[in-house]
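Enquirer: Here's my sequence, what's the structure:
(2 chains)
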Amino acid sequence: MNRLVTILLALVLAFLAWKFIDWAFVRAVWQPDAAACRAASGACWGFIVEKHRLIAFGTYPYEEHWRPALSSVLLVALWLLSAWRRFWKPRLIAVWATGLTVLGVLMWGGVLGLPYVENERWGGLILTLLLTTFGLAFAFPLSILLALGRRSELPLLRALCVAYIELIRGVPLISVLFMASVMLPLFLPAGVSVDKLLRAQVALILFAAAYLAEVVRGGLQAIPKHQYEAADALGLGYFQKTLLVVLPQALRIAVPPLVNTCIGFFKDTSLVLIIGLFDLLSTIKVSLNDPAWTGFGVEAYLFAAVVYFVFCFAMSRYSRSLEANSGSG
Amino acid sequence: MLVGLANTFKVAILGIAAATLIGAGIGLLSLSPNALSRNLAATYVEFIRNVPLLVQLFFWYALITEGLPPPREALSPLPGVFLTNRGLFFPSFSGVPELHGFNFTGGAALSPEFAALLIGLSLYTAAFIAEIVRAGVMAVRRDQWHAAQALGLERRHVLRYVVAPQALRVIVPPLTSQYLNLTKNSSLAVAIGYPDLVSIANTTINQTGQAIEGIAIIMAVYLAISLAISALMNWANARLR
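Expert: All right, here's what the predicted structure looks like:
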């Protein structure tokens, strides 16, 4: 029985794999030639070749594309560095601060002879990476405050934090993004305008904080009660107890689920497309609007899927390895 | 607005049903004694979970509108079922789809937007449900299996009468949050042009400029749906204990 199932499954899989390879490689067109693509019966990867600059960098000025490219590499390098347990030291914050300053100079320009580029023109992969980085950087401290607030003994504070977390977790991210892009300008005094990128970023931060807060709360709950009691017995105040005893342990426990939430957040940044920002998915969609190249959506979105998969898969492997090592950590 | 709400409900209910079936199937596949089917299930889960839902929705939409033939050359895998780039057509109580002019009429039809949304949401959520089912079954202690086998029960009877009742207790709470996620994710319909609640509210906002009211309605409705599903599942959970 077991062998029969294996053979049958293997046959079906082999057939599907052969069909796919035939479409994606054997009969595929790799040159950026729309006419050849339409004539061929296979996949049209020429589309990606033709549009790779637009997909990777959005509407950033063409001659300056090396700047977002370098920034993307820098940002990914910083992420890799932070993933390494050996570098989990206070110095890492300084490294990040330097890295982000360099990044800001690269992307905005206006100094050192680099022409100024306003952030409406940023796009592509770097926008996705930036939204993720800054989203997490601001949401994380906020989420710790929310999680502590939810476990606080002050009823009003606790009620506020619970209401905030449950409200945000109960509505879709799109509605939070719409709120930020449509409603926020109404609340600001006339003449003050906050640009679209910043508004989306704020919405993402508020959204991510609610989800991260629940993960942090999970970590806080996992700490044995005697740790609190021991800290109290030592005569530590609330802030000392929280900062020196509770949080270091809670965050260590919460690291693997935190990484999983980060993966979800990275995927969620693709939603900024709906409010008109040019992230990676959005630039792919825009490049499909070129009349000469319409009708290659399947190839384009497969490409998008592969790019997102590479990032998310790397993160999820990392989270697994953290989980495996958590005992020794 | 009510049309949008009805459309949201339609896709959420069908999506939950489909995702549960597919998810349970894949979850059981990942527990099967057959190594190939285990690997297959693991690969499916890994691929689906690591790609944003929005990309998947766009992919299915592109596959339907670009990959399928026009109505006149419709694919017909079963008699009366027609797959075209204008939608999917099935026979129903009201009749069988027939080609009239440029499109099919009669029978039941799924628009390309609805079909893409339903396929995307179900397959995406199914991957998460599969993991929940797997974890739930694994949480049942090994000696329960051995005891059932010692009683001489067949594998499917062991699953049905011994493992399932115990596993469901572990499965139901996280399953609830997946149902909620699916319902919230159905708001991505706005990106592929399915007229769900968010999409219609957005049009209303653009036409009337009443942004605050529009957003408030969206949020209130989703909160109400979330609370309703939670309450329902809590009730189911209480019954199981």
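Enquirer: Report whether stretch A:260-279 contacts chain B.
Expert: Yes. Contact between stretch A:260-279 and chain B, assessed by Cβ under 8 Å from any Cβ of the partner chain, occurs at A:263, A:267-268, A:270-271, A:273-274. In short, each C-beta sits where N, CA and C put it, glycine included.
Enquirer: Least confident of those?
Expert: The member of the residues of stretch A:260-279 next to chain B with the lowest pLDDT is residue A:274, at 83.
Enquirer: Any idea how many residues pack against it?
Expert: 21 (other Cβ atoms under 10 Å in any protein chain shown).
Enquirer: before we move on, the earlier item: tabulate the residues of stretch A:260-279 next to chain B (TSV), appending secondary structure and distance to residue A:92.
Expert: Formatted as TSV, those follow (DSSP: H, G, I helix; E, B strand; the rest coil; distance: Cβ to Cβ, whole Å):
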residue	secondary structure	distance to residue A:92
A:263	helix	21
A:267	helix	25
A:268	helix	25
A:270	helix	28
A:271	helix	30
A:273	helix	32
A:274	helix	34
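Enquirer: Of the residues you listed, which is the most crowded?
Expert: Highest neighbour count within these, by other Cβ under 10 Å: residue A:271, with 28 neighbours.
Enquirer: if I read this right, that one contacts residue B:190, doesn't it?
Expert: No. Residue A:271 is beyond contact range of residue B:190, at 9.9 Å (criterion: Cβ atoms under 8 Å).
Enquirer: Now the common contact residues for those two.
Expert: Applying Cβ atoms under 8 Å, 6 or more residues apart in numbering or on different chains, one finds that residue A:271 and residue B:190 are jointly contacted by residue A:174.
Enquirer: What ranges in the chain fall below the confidence cut-off?
Expert: All of this refers to chain A. A:190-193, A:326-329 (pLDDT under 70).
Enquirer: you looked at the wrong chain, it should be chain B
Expert: Across chain B, the ranges flagged by pLDDT under 70 are B:72, B:77-80, B:92-96, B:99-103, B:105-107, B:240-241.
Enquirer: For the closest residue to chain A within it, give its distance to residue A:296.
Expert: Going by Cβ to the nearest Cβ, chain A is nearest to residue B:62 of chain B, at 2.8 Å. Distance, residue B:62 to residue A:296, by Cβ to Cβ, to the nearest Å: 8 Å.
Enquirer: quick one: which of the two has more around it?
Expert: residue A:296 (25 against 22).
Enquirer: just the helices in chain B please.
Expert: Assigned by DSSP state H, chain B shows helices spanning B:2-29, B:35-49, B:53-62, B:112-139, B:142-150, B:155-157, B:164-185, B:189-192, B:197-208, B:211-240.
Enquirer: for those, which one sits closest to residue A:56?
Expert: Closest of those to residue A:56 is helix B:53-62, at 16.2 Å (criterion: Cβ to Cβ).
Enquirer: For that closest one, list every residue counted as buried.
Expert: For helix B:53-62, the buried set under the neighbour-count rule, 16 or more other Cβ atoms under 10 Å in any protein chain shown, comprises B:53-62.
Enquirer: one step back: and which of the residues of stretch A:260-279 next to chain B is nearest to residue A:125?
Expert: Taking Cβ to Cβ as the measure, residue A:270 is the one of the residues of stretch A:260-279 next to chain B closest to residue A:125, at 11.8 Å.
Enquirer: Would you confirm that the closest one contacts residue A:281?
Expert: Yes. Counting by Cβ under 8 Å, residue A:270 does reach residue A:281; the two are 4.5 Å apart.
Enquirer: anything in contact with each of the two?
Expert: A:128, B:52, B:54-55.
Enquirer: Can I get those in CSV including distance to residue A:117?
Expert: Formatted as CSV, those follow (distance: Cβ to Cβ, whole Å):
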residue, distance to residue A:117
A:128, 17
B:52, 27
B:54, 27
B:55, 27
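Enquirer: Residue B:200: which of the residues you listed is nearest?
Expert: Using Cβ to Cβ, those come closest to residue B:200 at residue B:54, 19.3 Å.
Enquirer: Can you tell me how far the residue nearest to that closest one when sequence neighbours are not counted is from residue A:124?
Expert: Using Cβ to Cβ, 6 or more residues apart in numbering or on different chains and skipping the chain neighbours, the partner closest in space to residue B:54 is residue A:270 (4.7 Å). Using Cβ to Cβ, we find residue A:270 at a distance of 12 Å from residue A:124.
Enquirer: Residue 67: neighbouring residues, count only.
Expert: No chain was given, so I picked chain A. There are 22 residues near residue A:67, going by other Cβ under 10 Å.
Enquirer: switch to chain B, that's the one I care about
Expert: Neighbours of residue B:67 (other Cβ under 10 Å): 13.
Enquirer: Quick check on the residue lying closest to residue B:161 once chain neighbours are set aside: phi, psi?
Expert: Spatially, and ignoring its direct neighbours in sequence, residue B:161 is nearest to residue B:153 (7.2 Å; Cβ to Cβ, 6+ apart). Main-chain dihedrals, residue B:153, degrees, to the nearest 10: phi -80, psi 150.
Enquirer: I'd say residue B:153 and residue B:162 touch.
Expert: Yes. With contact defined as Cβ under 8 Å, residue B:153 reaches residue B:162; the gap is 7.1 Å.
Enquirer: Need the residues touching each of residue A:270 and residue A:124.
Expert: By Cβ under 8 Å, 6+ apart, the residues touching both residue A:270 and residue A:124 are A:279-280.
Enquirer: if we can go back for a sec, can I get the residues of stretch A:260-279 next to chain B in JSON lines including distance to residue B:204?
Expert: Shown next, in JSON lines, are the residues of stretch A:260-279 next to chain B (distance: Cβ to Cβ, whole Å):
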{"residue": "A:263", "distance to residue B:204": "34"}
{"residue": "A:267", "distance to residue B:204": "29"}
{"residue": "A:268", "distance to residue B:204": "25"}
{"residue": "A:270", "distance to residue B:204": "25"}
{"residue": "A:271", "distance to residue B:204": "20"}
{"residue": "A:273", "distance to residue B:204": "21"}
{"residue": "A:274", "distance to residue B:204": "16"}
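Enquirer: For the residue in chain A that chain B sits nearest to, give me its contacts.
Expert: At 2.8 Å from chain B, residue A:297 is the closest residue in chain A, using Cβ to the nearest Cβ. When contacts are counted by Cβ under 8 Å, 6+ apart, residue A:297 touches A:288, B:58-59, B:61-63, B:65-66.
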